[in-house]
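# Prediction below, plus the sequence it came from.
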Amino acid sequence: FASEASLRDALGWIGAQEIHRGNVIDLLDASLGEGGPPGADSAPQTQTLALCCGPKPMMAAAAAWCAARGIELRVSLEERMGCGYGACAGCTCRTRPVSGKPSSGPTIAGPDGTVKKKICAHGPVFWGDEVVWDA
């Protein structure tokens, strides 16, 4: 949102329309004026960055939504951790190598083209387009 006032306007519009479906995509669409309040910006501002945490299916949907609109997304992953400092590899996730973005951990892809990273040691925050969501 361009300003706190535009955020309040959008949230007020959402409340007035009684959108209580619990669908994060509805809120994202409303925030960019796609079915949102009249006069809302229909294109993202330059250097827009979205942040997301929650259930994996919701973050996967947000990642697809942001990718379709050219919006950068950072996701905070959660996983049960056996040790919490990277020794057991119990909290790994599959990622894709990303270029031009800061990223921690290994960068060499395996035979399937993915890189296994430890959420406790290399995360928990990753780029939305870095995470392999179908895993």
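Cool, the structure landed.
# For residue 95, the count of nearby residues, please.
Residue 95: 24 surrounding residues under other C-beta atoms under 10 Å. For glycine as for every other residue, the C-beta is placed from the backbone atoms N, C-alpha and C.
# quick one: it and residue 131 touch, right?
Yes: applying C-beta atoms under 8 Å, one finds residue 95 in contact with residue 131, separated by 5.7 Å.
# Helices of the chain, residue ranges please.
Under the criterion DSSP state H, helices of the chain are mapped to 4-16, 24-31, 56-69, 119-122.
# Going by mean pLDDT, which of those comes out lowest?
Lowest mean pLDDT of these: helix 4-16, a mean of 52.
# Not counting sequence-adjacent ones, nearest residue to residue 48?
Distance criterion C-beta to C-beta, 6 or more residues apart in numbering; nearest residue to residue 48, sequence neighbours excluded, is residue 71 at 5.0 Å.
# and what of residue 113?
Excluding the flanking residues, the one nearest residue 113 by C-beta to C-beta, 6+ apart is residue 96, at 7.1 Å.
# With residue 67 as the reference, measure out to that neighbour.
12 Å (C-beta to C-beta, to the nearest Å).
# who touches both of those two?
Both residue 96 and residue 67 are in contact with residue 129, where contact means C-beta atoms under 8 Å, 6 or more residues apart in numbering.
# Any idea how many residues pack against the residue nearest to residue 48?
So residue 71, with other C-beta under 10 Å, has 19 neighbours.
# Which of the helices and strands in this protein ranks last by mean pLDDT?
helix 4-16 (a mean of 52; mean pLDDT, DSSP states H and E).
# on that earlier part again, the residue nearest to residue 113 contacts residue 116, doesn't it?
No: the criterion here is C-beta under 8 Å, and residue 96 misses it with residue 116 at 11.4 Å.
# Comparing these two, which shows the higher neighbour count?
Neighbours around residue 96 and residue 116, counted as other C-beta under 10 Å, are more numerous at residue 116. The numbers are 17 against 13.
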